[in-house]
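*Asks:* Below are the sequence and a predicted model; questions follow.
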Amino acid sequence: MDLGPLYEYRIMNKLQYKFSGKTSTYYLDADFSYLEKLVDKDHAVIITDSNVFAAHQKKLGGWNTIVIDAGECFKVQATVDSVIEQLIGFGADRKTFLIGVGGGVVTDLTGYVAAVYMRGLSFGFVPSTILAMVDASIGGKNGIDVGVYKNLVGTIRQPAFLLYDQGLLKTLPKEQWIGGFAEIIKHACIRDAALFRELEKNKLSLYQKDKKALARLIRRNVTIKSLVVEKDEFEQGERRLLNFGHTLGHAIHCALGHRL
């Protein structure tokens, strides 16, 4: 599909970061259709969840697609095994490219599968939630949960690209927006006092309505996290800053999960 020179100009709103293993390219303010320019459709497999598939089935038409059940409770080895069996069914080999389209569960699991299937496939992400756009899909941490232990098993391996399509956020429920903005506030607390002041002044509804303001906010958060990871990819020092609030938050999340 030829998307034309004007779109090519717009899509060049991109960032690149060099990590130990490779360079990752972030395509900001993009459109899902641009994915066809990044990968060979015939040798690519999309991994997504049932919620994203139901909301964006038209966009996913014509792609080899594996759909997993939605929810953190499915970010486990049994789901990995199911995905691998379906990859075998597709005839996936070392030239196959995996694309995780979804939130943090999908990107975590896709990156992990890409690391272990045939000892390593190339992969990229199309994050579909605010949280995934500003945090979960960035930095190369991919993995699964084991029992009550969150992200106990996994790898640090960087995606070839991240493709940002704000159109995917249109179907996002309000609680998902709130969860994503909690991470944005965390980034501001860690590294950007000016951003914190901006967030104090504005309501969530502003960013939901103003596409340009949201694009600037996403880019700012992408930059904050990526620069930290670029300096300390394997969390020997500075990257530990990004765990601010996470350890306690995960404990609360697990405790609430077991009470429900």
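*Replies:* Sure, I can see it.

*Asks:* could you say which helix or strand contains T155?
*Replies:* Assessed by DSSP states H and E, T155 sits inside strand 149-156.

*Asks:* pLDDT averaged over the helix or strand immediately after that strand in the chain - what is it?
*Replies:* Note on strand 149-156: by DSSP H and E, the next helix or strand toward the C-terminus is strand 161-163. Strand 161-163 shows a mean pLDDT of 98.

*Asks:* Could you do stretch 240-252 as well?
*Replies:* pLDDT averaged over stretch 240-252 gives 69.

*Asks:* Ok, stretch 227-237 next?
*Replies:* The predicted model assigns stretch 227-237 a mean pLDDT of 91.

*Asks:* Same question for stretch 170-179.
*Replies:* If you average the pLDDT over stretch 170-179, you get 95.

*Asks:* In it, which residues are buried?
*Replies:* 172, 176-177, 179 (16 or more other C-beta atoms under 10 Å). Just so you know, the C-beta spots here come from the backbone N, C-alpha and C atoms, and that holds for glycine as well.

*Asks:* Kindly report the same for stretch 95-104.
*Replies:* Judged by neighbour count using 16+ other C-beta under 10 Å, the buried positions of stretch 95-104 are 96-104.

*Asks:* same deal with stretch 223-230?
*Replies:* Neighbour-count burial for stretch 223-230 [16+ other C-beta under 10 Å]: 223-226, 228-230.

*Asks:* between these, which is nearest K201?
*Replies:* Using C-beta to C-beta, I224 comes nearest to K201 of the buried residues of stretch 223-230, at 18.8 Å.

*Asks:* Other residues contacting the helix or strand containing L206?
*Replies:* Assigned by DSSP H and E, L206 belongs to helix 204-209. With C-beta atoms under 8 Å, 6 or more residues apart in numbering as the test, helix 204-209 has contacts from 177-178, 181, 213-214, 217.

*Asks:* Kindly recompute the last result at 7 Å.
*Replies:* Identification of contacts with helix 204-209 by C-beta atoms under 7 Å, 6 or more residues apart in numbering yields 177, 181, 213-214, 217.
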